[in-house]
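S.K.: with the sequence up front, the predicted model follows.
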Amino acid sequence: MKKCGRPPKKDNPEENKEKVMTAAIALIEEHGADYITVRRVCERADVATGTFYYHFKNKDELLIHFVRGTSFSEIELNTPLSDIAGRITELYLHLICKYTALGVKFMKSFYTPGNQALHNYMGETNGKFAEDTVMARCEMELVAAQRAGYLKENTDAHKVSADICTIVKGCIFEWCLSDGEILLEDMVRRILRAYVNYEIA
């Protein structure tokens, strides 16, 4: 990624990026994702705005960093294509692991209708998912399974991918509502397998 601003002369750029990320996490946990502004993050991190723009183009790019750090097109899946329900579940569990690592307190404040960065990442543009996203990889896997005869020919892989994303978002929302009491991975495994197997039948 091309840097957006001028690097600090004396400070360690990676150390400053970590300061920005830590400050953003703290502000999100305290006030919610909607509270985040470049100015507030910089004040909390005790860095100049130029330092912020060296690492991130804007507030939305900072927020999307929390969910888009993984390139899903490059993830190696171990479940065979013949078990497409298990393969899709394995794929989404990579995202779930990332979310649970951030913690339920963070996710409760981050996973809000007002978080436009999250909406842009987990949505569509002109009927297509963004490259490297979990949804785009899911659609690719479904198309491959369809071509191999593991999925019905008339299945709309794009629609099913969108449905799966909606299901997972619902599971994450329930996990947040339960304050982390629900076993998120188990719920995702159970519901995704049931839905994909229904589409196969």
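M.R.: Perfect, thanks for sending it.
S.K.: what's the neighbour count on E43?
M.R.: E43 has 13 neighbouring residues, counting by other CB atoms under 10 Å. Quick note: C-beta positions are derived from backbone N, CA and C, even for glycine.
S.K.: go on, H119?
M.R.: Residues near H119, counting by other CB under 10 Å: 12.
S.K.: what's the helix-or-strand element of the chain with minimal mean pLDDT packed up against?
M.R.: The helix or strand of the chain with the lowest confidence, counting by mean pLDDT, DSSP states H and E, is helix 116-121 at a mean of 76. Here helix 116-121 touches helix 59-68, going by 3 or more CB pairs under 8 Å, 6 or more residues apart in numbering; DSSP states H and E.
S.K.: and the helix it packs on, C-alpha only, in CSV?
M.R.: The C-alpha coordinates for helix 59-68 follow below in CSV (Å, rounded to 0.1, in the frame of the first residue of the first chain):
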residue,chain,number,x,y,z
LYS,A,59,-11.0,7.3,9.1
ASP,A,60,-12.8,4.6,7.0
GLU,A,61,-9.5,3.0,5.9
LEU,A,62,-8.5,2.9,9.6
LEU,A,63,-11.8,1.2,10.6
ILE,A,64,-11.7,-1.3,7.7
HIS,A,65,-8.2,-2.3,8.7
PHE,A,66,-9.7,-4.2,11.7
VAL,A,67,-11.7,-6.5,9.4
ARG,A,68,-9.7,-6.5,6.2
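S.K.: for the chain, which helix is longest?
M.R.: helix 157-177 (DSSP state H).
S.K.: mean confidence for it?
M.R.: Confidence over helix 157-177 (mean pLDDT, whole number) is 94.
S.K.: and what of stretch 20-39?
M.R.: Rounded mean pLDDT across stretch 20-39 is 90.
S.K.: what angle sits between the very next helix or strand once past the least confident helix or strand of the chain and helix 157-177?
M.R.: Per DSSP states H and E, helix 116-121 leads on to helix 134-147 as the next helix or strand towards the C-terminus. On the basis of axes from the mean of the first three to the mean of the last three CA atoms, to 10 degrees, helix 134-147 is oriented at 130 degrees to helix 157-177.
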